[in-house]
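Q: I'll drop the sequence and a predicted model, then ask my questions.
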2 protein chains.
Amino acid sequence: MPLANINDSEVDIVIGALQSDLTSFMNEWRTIFSRFHLIIVKDPDLKEELKIPEGFNFDVYSKSHIDRVVGSSSSIVFSGYSCRYFGFLVSRKKYIVSFDDDCIPAKDSKGFLIDPVAQHLANLTTPATPFFFNTLYDPYREGADFVRGYPFSLRNGVTCALSCGLWLNLADLDAPTQALKPQQRNSLYVDAVITVPSRAMMPVSGINIAFDRESVGPALLPALKLAGEGKFRWETMEDIWSGMCLKVVCDHLGLGVKSGLPYVWRQDRGSAIESLKKEWEGVKLMEEIVPFFQSMRLPQTVATTEDCVIEMARTVKQQLGPSSPVFTRAADAMVEWVKLWKAVGSGSSPL
Amino acid sequence: MPLANINDSEVDIVIGALQSDLTSFMNEWRTIFSRFHLIIVKDPDLKEELKIPEGFNFDVYSKSHIDRVVGSSSSIVFSGYSCRYFGFLVSRKKYIVSFDDDCIPAKDSKGFLIDPVAQHLANLTTPATPFFFNTLYDPYREGADFVRGYPFSLRNGVTCALSCGLWLNLADLDAPTQALKPQQRNSLYVDAVITVPSRAMMPVSGINIAFDRESVGPALLPALKLAGEGKFRWETMEDIWSGMCLKVVCDHLGLGVKSGLPYVWRQDRGSAIESLKKEWEGVKLMEEIVPFFQSMRLPQTVATTEDCVIEMARTVKQQLGPSSPVFTRAADAMVEWVKLWKAVGSGSSPL
């Protein structure tokens, strides 16, 4: 892994707290997290006080902060996994790294504990190569390079805006798959980072990600809220929707998205079978969402992430809106999010 | 690795012999090759008799066979690495697996010798997923699946037409890179198979590949011959060109291309520095070739691999031809190849 040339002070680690006792979670991450500033956003539905162990540099945001900034009339709902987006909003740092609170650092194939934050930052600070596929994976990794036939004019790559990490143990499956294969666990450690090619769409999971907040922050947004959304990942789609928006923005602006290392270890919780009926809504929606984003092309005149989101929201409302109110609400939330981003980012909103 | 449901008699292993003594090469592959029928094509420039150890089921083709089938007036040159394409032409099998004669089976990350033929056949007989990227790699692998957000309507995948394997030890770099980093060897075993997304272009290396001859055979063609092409891989571009043609065909016909496992171990030979001046022609050509193939779209009416190649040849001649005679010759060779394929495939040519 190349050493990332990033000062720790340029990074916020954002944690959405869906459980009140973060003691064991934070302790598992202690050696890594203690170097960075943390933003912990408490799920507004969570009633208990947060328990956070000592020795960390953090700020906690809860329902009262959210209400003060966004007001109660907002079309954005920050409950559940969506609470973390409030952390993206109030951060002032260039880079964000974010993990679900049921994940701990994984071990590599040799049994050594890995540092997911360092790997994410390395992914973000080395170029991405979305315009031609390098068969030997990340060409910037030590010992690797571009293979024969790779055009020299493309070897400088482009800025990487998003790093999507993966999961060992409990994989990020949907509820039907998890219910069908309750014993299945992911034990395959694939030692690679890949740039997802331009115009190829992917399901971005929010479990273990990092991004360049300054360049694409406004495209990480809590817009798609399922009617029966609960507190388990397989019941949610907000990150998948947000990831499709983000990939379209990156392709349009010539930025890169990487997938692969680092892995986190996901601990088991919840019953997939209980969630089954809720998840089907999301599963059905994907049949419309994927071709929609796959074919989306933004006008050349749209040149900022904010404007990309506004333009996408317009198209969502127009093309998907008639099929389900969930899409109309998503479009409204996207517009609202950009307004919020501009207001909070410019410092005019009180925190 | 899933067990491929293929009868050994449906497979030809094609070897282009660029060296006369195949004894040690064949012995390294003995346990694997001895189950299959082999087609060995002798580089027509090679004067010495081939030395092939006993215990294999093979046919050898040499210059006299080539001349008899294609005639001496052909615009196709079968010398050097291009000789293997003659084997693709005369095969009557559904699947072809082909390795360079300086490669032997690699060991996996645990030190176990792998079976590259079995892995290639598994890749070809399980579906590919070119229309949406699965972040946990090959969803058909045991223990793997589609991740949350993957549309169910795309989970059947499509037929995989090409499996591109990789290389340990000497990687498939171009001469400038190899000359710049003479000590660099690839030691990273990435335990994954990836479907290269639709419309993403890649440099297909011919070192270690397998394909469905019945569906895409006519698109694996020896068309781009560099003026100073020699007998080392870094001096050649025929496979890269052929791979771009093949990827365009697969994207057009809705077929898949996989990259990753299996690895072969490439032994060192040749001096990259000696080859440097020859390779620059290929390096320069890639700057035109990649955007050309990237933007190529075939008419909907073109429905067979043969017709795709003819249509591509027309566009090559028209758009690339004016920039260099190497492209005009490539276009002519493509047209000639399809004629040959039809003639030999229909059994009208004597072998």
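A: Yep, it's here. Numbers count the residues shown, from 1 in each chain, chains lettered A, B, ... in the order given.

Q: what's the closest non-adjacent residue to the residue nearest the centre of chain A?
A: By CA atoms, centre = their mean, chain A has its centre lying nearest to residue A:206, at 3.6 Å. In this structure, residue A:206 finds its nearest non-sequential neighbour in residue A:239, 3.1 Å apart by CB to CB, 6 or more residues apart in numbering or on different chains. Every C-beta, even on glycine, is put in place using the N, C-alpha and C of the backbone.

Q: Using the three-state scheme, assign residue A:227.
A: coil (DSSP: H, G, I helix; E, B strand; the rest coil).

Q: what residues are up against the nearest residue to it once chain neighbours are set aside?
A: Excluding its sequence neighbours, the residue lying closest to residue A:227 (CB to CB, 6+ apart) is residue A:281, at 6.2 Å. Contacts for residue A:281 (CB atoms under 8 Å, 6 or more residues apart in numbering or on different chains) come out as A:226, A:227, A:228, A:326.

Q: Per-residue pLDDT of residue A:281, please?
A: Predicted confidence (pLDDT) for residue A:281: 83.

Q: about what we covered before: quick one: the residue nearest to residue A:206 is in a helix?
A: Yes. Secondary structure of residue A:239 (three-state DSSP): part of a helix.

Q: and residue A:55, which of the three is it?
A: Under three-state DSSP, residue A:55 falls in the coil class.

Q: how near is the nearest residue to it once chain neighbours are set aside to chain B?
A: Distances taken as CB to CB, 6+ apart put residue A:34 closest to residue A:55, at 6.1 Å, once the chain neighbours are dropped. Residue A:34 is 29 Å from chain B, where distance means CB to the nearest CB, to the nearest Å.

Q: next one: residue A:28
A: Applying CB to the nearest CB, the value for residue A:28 to chain B is 23 Å.

Q: That residue: how many residues sit nearby?
A: Residues contacting residue A:28 under the criterion other CB atoms under 10 Å in any protein chain shown number 16.

Q: pretty sure it is touching residue A:105, no?
A: Yes. Counting by CB atoms under 8 Å, residue A:105 is a contact partner of residue A:28 at 6.9 Å.

Q: how far does stretch A:115-122 sit from the chain's center?
A: Counting by CA atoms, centre = their mean, to the nearest Å, stretch A:115-122 is centred 15 Å from the centre of its parent chain.

Q: and it, average pLDDT?
A: For stretch A:115-122, mean pLDDT rounds to 97.

Q: Check whether that stretch comes close enough to chain B to count as a contact.
A: No. Against chain B, stretch A:115-122 shows no contacts by CB under 8 Å from any CB of the partner chain, the least distance being 14.9 Å.

Q: same check, this time on stretch A:138-147
A: Yes. Remark: stretch A:138-147 sits within contact range of chain B at A:141, A:143, A:144, A:145, A:146, A:147, by CB under 8 Å from any CB.

Q: next one: stretch A:173-181 to chain centre, how far?
A: From the chain centre to the centre of stretch A:173-181 is a distance of 21 Å (CA atoms, centre = their mean).

Q: Tell me which residues of the longest helix along chain A come out buried.
A: Longest helix in chain A by number of residues, with DSSP state H as the criterion: helix A:272-295. Neighbour counts over helix A:272-295 (16 or more other CB atoms under 10 Å in any protein chain shown) mark A:272, A:275-276, A:278-279, A:281-283, A:285-286, A:289-294 as buried.
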